[in-house]
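J.: Any chance you could fold what I've pasted below:
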Amino acid sequence: AMMEGIIAVTHIAGKPVQQIVKTRIPNATYCEPQIGSIGLTEKQARVLGYAVKTGKFPFVGNSKATILGSHNGFIKVVSDGAYGEVLGIHIIGPLATEILSEAAAVLNLEGTIDDMMNMIHAHPTVWEGMGDAFASVRGLQINV
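T.: Okay, here's the model as predicted:
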């Protein structure tokens, strides 16, 4: 809603604005475990005709989740099999609403699986599970 307000005021002021892309709005649900998602689901991507490849990383393989005592959940990545573009990311687990920020960035920048799986993630963090989730699309995750 905040971004919609900024766009409305910018438009009223006669300045150029970028339109909101509905599939690039991060969704955060504050429950236990937390839920965060952005982009297309696997089913939506298939309906739109993408050659879908997915990857999934369970928090049971994440060191920081072990430290927090919270192994419930996973990160699922939905990508275009032809070009590797990230189409959606869905997270259920510890700090999901926080690590959703990387998911929002990659979708807004139209990043690929290869871009993201080669990014260095700090250790130990719950966030580094994103690196394993991206690598899992290629079958290259190491922490499970």
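J.: For Gly111, see how far away the closest residue to Gln19 other than its chain neighbours is.
T.: Excluding the flanking residues, the one nearest Gln19 by Cβ to Cβ, 6 or more residues apart in numbering is Ile7, at 7.6 Å. Any C-beta I mention is one placed from the backbone N, CA and C, and that applies to glycine too. Relative to Gly111, Ile7 is positioned 23 Å away (Cβ to Cβ, to the nearest Å).
J.: quick one, phi psi at Thr112?
T.: phi -110, psi 170 (degrees, to the nearest 10).
J.: Test of understanding: give the bridge partners of it.
T.: Per DSSP bridges, residues listed as beta-bridge partners of Thr112: Glu85.
J.: Ok, Gly93 next?
T.: Beta-bridge partners, per DSSP bridges, of Gly93: Gln34.
J.: tally of neighbours for it?
T.: With neighbours defined by other Cβ atoms under 10 Å, the count for Gly93 comes to 25.
J.: From the chain's centroid, how far away is stretch 118-132?
T.: Taking the mean of its C-alpha atoms, stretch 118-132 sits 13 Å from the chain's own mean (Cα atoms, centre = their mean, to the nearest Å).
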